[in-house]
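Engineer: sequence and computational prediction follow.
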Amino acid sequence: MFVVTLPLQATEDPLAFASKAKEAGAELLEIRGDITPLVSTFVSPLPLIISPRRTGDALLRALLPAYVDLELGEEAAVPSGTRIIRSFHDHTGTPAATDLRSIVTRLLGLNPDVVKIATAISRYADIERLSELRNLLPKDRRVILGMGTKAHISRMLSPFQNVLTYTYLDGKPSAPGQVPLFLHRKTTHCRTPRVFGILSGLDVQSLSPVIHNALFEQHGIDALYTSFPADDLEDTFSFITRNNISGFSVTTPFKQKIIEKIDELDPLAESLQSVNTIVSENGRYKGYNTDVTGLEEGYAFLKSASSVAILGSGGVVPAIIHACRELGVQDICVFARNAQAREVLANRFSVRCAALSALEQATPDAMICVINDDVFFPLPKAKKGAHAIDLRYGKATPFLNEARQKGYRTHDGIPMLLHQALAQFRYFADITPTESDFQMLLNLFPHSYGIQ
């Protein structure tokens with residue numbers, strides 16, 4: 001059952017929020033004493049979980065709960081007939097396995113209807129330690145969850161492993177690591193799903209879980225797509241292999257670092273030494289590159305360009321160079337702050353390179369920016385019909401704002417993202433995507449597809 005927590009901003013009109021939550025697919029509404037202790041009395045269209053969080057019995061007296069969630073060591077006057085959840089939260093880390101088993105034993109000794117364990121995940125081995133607790137409790141009596149950035153897979157798998165799944169509607173989650181309800185709803189067709197995901201840096205915000213879960217749902221495929229944010233590639237990749245993850249996308253900063261970990265590369269990925277797609281094939285992980293397809297199909301106007309300026313020297317640049325060449329671009333120049341990195345790219349791929357500060361004197365038909373931070377650098381005035389692409393998405397970046405002022409036709413990174421994802425989906429699901437798949441994805445991001 002999906003649980004959403006009443007947010008602070010809904011304190012004055014909890015009925016409106018509860019109605020919205022029910023319409024979105026929530027099945028229980030949690031009222032937490034540490035978030036909304038002064039919530040107005042109302043008759044909820046959803047059954048209530050009251051979690052006093054050591055604030056006393058006031059919420060239990062004011063509202064009619066179906067469940068009461070009491071933390072270990074907390075007591076309250078629980079109304080007769082109310083189901084009891086006994087919970088343990090550790091917001092600093094995940095205790096040792098023996099300590100976790102001891103905690104479960106203590107919670108079970110209180111004769112609750114449900115036992116809930118939620119701990120902070122610092123390493124992926126913490127998730128596996130939590131998973132061992134599942135053998136101690138039947139599914140209809142357990143909620144075992146990770147918290148934090150690395151807990152995404154724990155949250156995505158919750159509907160298949162727990163009696164309750166804690167989620168949120170929009171805005172800020174009520175606990176770190178929660179997955180929004182609309183994303184969970186895209187996996188309700190699954191039964192024993194294969195798991196895919198994206199390997200990224202900790203600070204990368206990706207739309208890939210939305211895209212691939214929507215594609216799996218559209219085709220009725222028993223699979224889900226999660227996230228593997230990493231600050232330690234060894235820890236993360238070991239978790240991926242131990243848990244037989246079926247495949248994963250790769251983004252900043254691991255497109256090249258991951259190569260030494262996998263078993264095989266296809267010819268294009270080998271040539272570029274850049275991987276963004278990895279699939280388990282006969283027990284071996286094979287790497288592919290679909291960034292080239294994303295560029296070629298996402299920005300077909302590049303076929304008319306004779307000169308392209310690439311701004312930055314990140315892991316996607318080899319794919320951009322290759323795509324530009326495939327599209328017939330004759331003059332390619334890499335402008336980057338890192339002199340060594342730009343010279344390596346220039347020598348390896350036989351393109352020109354220059355300092356980023358020299359860009360102002362250039363006259364390209366198109367600029368493609370792969371710089372992830374908002375560094376200011378002056379842009380040249382656009383020649384007639386010139387384009388500017390920022391491979392980031394989700395906002396009008398300073399680069400695109402200035403490019404528009406200088407006369408460029410501006411585009412964000414959504415076209416590349418969608419087309420490379422469709423190419424990935426072909427590897428993940430062994431299905432050739434159709435135009436209807438693209439239109440379905442485009443409808444998910446109607447205001448991001450180009451910002452001309």
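Structural biologist: Ah, there it is.

Engineer: list the contacts of Arg134.
Structural biologist: Under the criterion of C-beta atoms under 8 Å, 6 or more residues apart in numbering, the neighbours of Arg134 are Arg142, Ile144, Gln161. To be clear about C-beta, it is placed using only N, CA and C from the backbone, and glycine gets the same treatment.

Engineer: would you turn those residues into JSON lines with distance to Leu60, pLDDT and secondary structure?
Structural biologist: Output for the contacts of Arg134, formatted as JSON lines (distance: C-beta to C-beta, whole Å; pLDDT from 0 to 100; DSSP: H, G, I helix; E, B strand; the rest coil):
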{"residue": "Arg142", "distance to Leu60": "24", "pLDDT": "98", "secondary structure": "strand"}
{"residue": "Ile144", "distance to Leu60": "26", "pLDDT": "98", "secondary structure": "strand"}
{"residue": "Gln161", "distance to Leu60": "29", "pLDDT": "97", "secondary structure": "helix"}
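
Engineer: let me know the closest of those to Ser174.
Structural biologist: Closest approach to Ser174 among the contacts of Arg134 (C-beta to C-beta): Ile144, at 17.7 Å.

Engineer: quick one: that closest one from Glu128, how far?
Structural biologist: 12 Å (C-beta to C-beta, to the nearest Å).

Engineer: who has more neighbours, these two?
Structural biologist: With neighbours defined as other C-beta atoms under 10 Å, Ile144 and Glu128 compare such that Ile144 has more, 23 against 14.

Engineer: and the gap between that one and Tyr166?
Structural biologist: Ile144 sits 12 Å away from Tyr166, taking C-beta to C-beta as the criterion.

Engineer: again, but for Tyr225
Structural biologist: Taking C-beta to C-beta as the measure, Tyr225 falls 20 Å from Tyr166.

Engineer: the two - which one has more neighbours?
Structural biologist: Here Tyr225 and Tyr166 are set side by side on neighbour count (other C-beta under 10 Å), and the busier one is Tyr225, at 31 against 25.

Engineer: which strands or helices does the strand or helix carrying Ile278 pack on?
Structural biologist: With the criterion set as DSSP states H and E, the secondary-structure element containing Ile278 is strand 277-281. Contact analysis of strand 277-281 by 3 or more C-beta pairs under 8 Å, 6 or more residues apart in numbering; DSSP states H and E lists strand 247-250, strand 284-288, helix 414-429 as its packing neighbours.

Engineer: so what's the gap between that strand and the chain middle?
Structural biologist: Here the centre of mass of C-alpha atoms in strand 277-281, compared against the chain's by C-alpha atoms, centre = their mean, to the nearest Å, lies 19 Å away.

Engineer: which of the residues in that strand are buried?
Structural biologist: Thr277, Ile278, Val279, Ser280 (16 or more other C-beta atoms under 10 Å).

Engineer: beta partners of the second one?
Structural biologist: On the basis of DSSP bridges, Ile278 takes part in beta bridges with Phe248, Gly287.

Engineer: isn't Leu46 right next to Gly25, touching?
Structural biologist: No - the criterion here is C-beta atoms under 8 Å, and Leu46 misses it with Gly25 at 10.8 Å.

Engineer: quick one, which of those two is more surrounded?
Structural biologist: In terms of neighbours (other C-beta under 10 Å), Leu46 is the more surrounded of Leu46 and Gly25; the figures are 19 against 15.

Engineer: against Val114, how distant is the closest residue to the more buried one other than its chain neighbours?
Structural biologist: Nearest in space to Leu46, with sequence neighbours left out and distances taken as C-beta to C-beta, 6 or more residues apart in numbering, is Leu29 at 4.3 Å. Using C-beta to C-beta, one gets 16 Å for the distance from Leu29 to Val114.

Engineer: who's in contact with Phe248?
Structural biologist: With contact set as C-beta under 8 Å, 6+ apart, Phe248 has these partners: Phe196, Gly197, Ile198, Leu199, Phe228, Ile240, Ile278.

Engineer: filter those residues down to just the buried residues.
Structural biologist: Phe196, Gly197, Ile198, Leu199, Phe228, Ile240, Ile278.

Engineer: among these, which lie within strands?
Structural biologist: The strands, defined by DSSP state E, take in Phe196, Gly197, Ile198, Leu199, Phe228, Ile278 from the buried ones among the contacts of Phe248.

Engineer: in terms of pLDDT, where does the third one sit?
Structural biologist: The one in question is Ile198. pLDDT recorded at Ile198 is 98.

Engineer: I figured it hits Pro209, correct?
Structural biologist: Yes - using C-beta under 8 Å, Ile198 makes contact with Pro209 at a distance of 7.1 Å.

Engineer: what do those two both touch?
Structural biologist: Taking C-beta under 8 Å, 6+ apart as the contact criterion, the common neighbours of Ile198 and Pro209 are Tyr225, Thr226, Ser227.

Engineer: next one: the helix or strand hosting the first one to chain centre, how far?
Structural biologist: In this case it means Tyr225. Following DSSP H and E, the helix or strand that holds Tyr225 is strand 223-230. In terms of C-alpha atoms, centre = their mean, the centre of strand 223-230 is found 7 Å from the chain centre.

Engineer: over to stretch 311-326?
Structural biologist: From the chain centre to the centre of stretch 311-326 is a distance of 24 Å (C-alpha atoms, centre = their mean).

Engineer: quick check: Ala269 is in a strand.
Structural biologist: No - according to DSSP: H, G, I helix; E, B strand; the rest coil, Ala269 belongs to no strand; its state is helix.

Engineer: can I assume it is in contact with Gly287?
Structural biologist: Yes - under the criterion of C-beta under 8 Å, Ala269 lies in contact with Gly287, with a separation of 4.8 Å.

Engineer: more crowded one of those two?
Structural biologist: Neighbours of Ala269 and Gly287, each counted by other C-beta under 10 Å, are more numerous for Ala269; the result is 26 against 23.
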